[in-house]
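Trainee: I would like to see how this sequence folds:
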Amino acid sequence: MAWIRLVADDEAKGRLAKSYRSAIGRAGRVFGIVRTMSLSPNVLDASMLLYQRIMFAKEGLSRRQRELVAVVVSAANDCHY
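Mentor: Residues are numbered from 1 along each chain as shown. The predicted structure follows:
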């Protein structure tokens, strides 16, 4: 089993602290998928930007359809995220 050091909320400094605050603003807490990138705030921010660009794009699928696709793919992959 892999082990990744995660940065706790109270340990986050600088850019990571700002990213955590943004996560709390969006979702009410910092989910594990965000924490797994905590050792590389640049990667975390790029990942969140990509997610937001995909999920909130004006063209193509609706937001609801995108969320449904994400749920189906997560279920198929046995992933709770």
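Trainee: poorly predicted segments of the chain, please.
Mentor: Filtered on pLDDT under 70, the chain yields the residue ranges 1-2, 81.
Trainee: most centrally placed residue in it?
Mentor: The residue lying closest to the centre of the chain (C-alpha atoms, centre = their mean) is V34, at 4.5 Å.
Trainee: look up how far A23 lies from it.
Mentor: When C-beta to C-beta, to the nearest Å is applied, the distance between V34 and A23 equals 5 Å. Yep, even glycine has a C-beta here, placed from its N, CA and C like the rest.
Trainee: need the overlap of contacts for the two.
Mentor: M48 (C-beta atoms under 8 Å, 6 or more residues apart in numbering).
Trainee: isn't V34 up against L44?
Mentor: Yes. Taking C-beta atoms under 8 Å as the contact criterion, V34 and L44 are neighbours in contact, 6.6 Å apart.
Trainee: which neighbours do those two share?
Mentor: Taking C-beta under 8 Å, 6+ apart as the contact rule, the neighbours common to V34 and L44 are S19.
Trainee: please enumerate the helices of the chain.
Mentor: Assignment of helices within the chain using DSSP state H yields the ranges 14-27, 32-35, 41-55, 63-76.
Trainee: which of the residues in the third one are buried?
Mentor: Same thing as helix 41-55. Neighbour-count burial for helix 41-55, with 16 or more other C-beta atoms under 10 Å as criterion, is recorded at 41, 44-45, 48.
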